[in-house]
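Chemist: below is the sequence, then the predicted model.
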Amino acid sequence: MALGSKKTDLCVIVLALAAAPAMAADFPARHNHWRGGCAGVLSLDAGGAAFRQIRAKKQPHQWRWQWDDIQRLEIGGDGRVRVRTYRDSRVRLGRDVEYEFLLDGAPDLGPVYEILRPAAGARLAARLAAPGARLEWELPAKRIRKTGGVLGVLRVYEDRVVFAAEKPGESRTWPDPDIALLSSSGPLHLAVTPEGEQRSFEFQLRRSLAPERYERLWLRLESPRGLTLLNEGKVTAK
Ligand SMILES: [Zn+2]
């Protein structure tokens, strides 16, 4: 038994080392300034994010952010990446310093999302559709917003909920632990409130959602919290 587990440990280490070079992804990108911008390379990896300006004459823009430095990292299907740090802005008093980048050619960030996600947790916001392993059901939907709706498909996978929008950058991926609240006011409505966000994402369903599907998803998302409540109840009952 002991030998077996040591072997497994070794295998895991070897695999991790072999996979290490592929864990970082470099993208030619533009750093957006108040006016204009600069060109460089944005790196995204399991340890965080980094940017280095290229062809700079003096004092190039160059940063490295570990996860502890990042409040929120947003990656979009439209190639837009935003890094919000904990540093206060001197220009805009009290506001957190945010950096915005635009990746050349809007590459597919789906594989990068899967690399970042385990280390980043809920601070990683995906404005893209990263499909899970197994699709449970899908429904055509429209995200309702004050500034005009977005058409797409709502997909429920075994471990996540995805809104695949027709417009790049409007999609969303929420792994189960990132969903704070799921609600519905009827078979043609679904609302998702992500963890750490004040707002909820409201969806008008273009086809009826079967009540048992909604219930199953609701239970799946609530069960970790529900079990805790049940145990607390038992303790109180004593
Ligand atoms: Zn710059």
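Modeler: Cool, got the structure.

Chemist: where do the helices sit along the chain?
Modeler: 2-19, 110-120, 211-237 (DSSP state H).

Chemist: check contacts around residue 45.
Modeler: Going by C-beta atoms under 8 Å, 6 or more residues apart in numbering, residue 45 touches 23-25, 115-116. (Glycine included, C-beta is placed from N, CA and C.)

Chemist: oh sorry, the question was meant for residue 182
Modeler: 190-193, 217-218, 221-222 are the contacts of residue 182 under C-beta under 8 Å, 6+ apart.

Chemist: are any of these buried, and which?
Modeler: 190, 192-193, 217, 221 (16 or more other C-beta atoms under 10 Å).

Chemist: centre of the chain to stretch 112-132, how far?
Modeler: 4 Å (C-alpha atoms, centre = their mean, to the nearest Å).

Chemist: quick one: end-to-end distance for that stretch.
Modeler: 14 Å (C-alpha to C-alpha, to the nearest Å).

Chemist: and stretch 55-72, by the same measure?
Modeler: Note: stretch 55-72 ends 28 Å apart using C-alpha to C-alpha.

Chemist: how about stretch 50-60?
Modeler: In stretch 50-60, first residue to last residue: 13 Å (C-alpha to C-alpha).

Chemist: mind checking the pLDDT average for it?
Modeler: Summarised as a single mean, pLDDT over stretch 50-60 is 91.

Chemist: again with stretch 205-216
Modeler: Averaging pLDDT along stretch 205-216 gives 97.

Chemist: residue 204 is in contact with residue 188, correct?
Modeler: Yes - counting by C-beta atoms under 8 Å, residue 188 touches residue 204, with 6.4 Å between them.

Chemist: what residues does this structure have near the ion?
Modeler: 31, 38, 61 (C-beta under 5 Å from the ion).

Chemist: tell me the contacts of the second one?
Modeler: Pointing back at residue 38 there. By C-beta under 8 Å, 6+ apart, the neighbours of residue 38 are 30-31, 53, 56, 60-61.

Chemist: residue 61 versus that one, what's the distance?
Modeler: 6 Å (C-beta to C-beta, to the nearest Å).

Chemist: who touches both of these two?
Modeler: With C-beta under 8 Å, 6+ apart as the test, residue 38 and residue 61 both reach 31, 53.

Chemist: residue 169: which of the contacts of residue 38 is nearest?
Modeler: residue 30 (15.5 Å; C-beta to C-beta).

Chemist: re the thing from before, which of the contacts of residue 182 lies at the shortest distance from residue 209?
Modeler: residue 190 (6.5 Å).

Chemist: for the nearest residue to that closest one once chain neighbours are set aside, the count of nearby residues, please.
Modeler: Closest residue to residue 190 apart from its sequence neighbours, by C-beta to C-beta, 6 or more residues apart in numbering: residue 203 at 4.7 Å. By other C-beta atoms under 10 Å, 23 other residues sit near residue 203.
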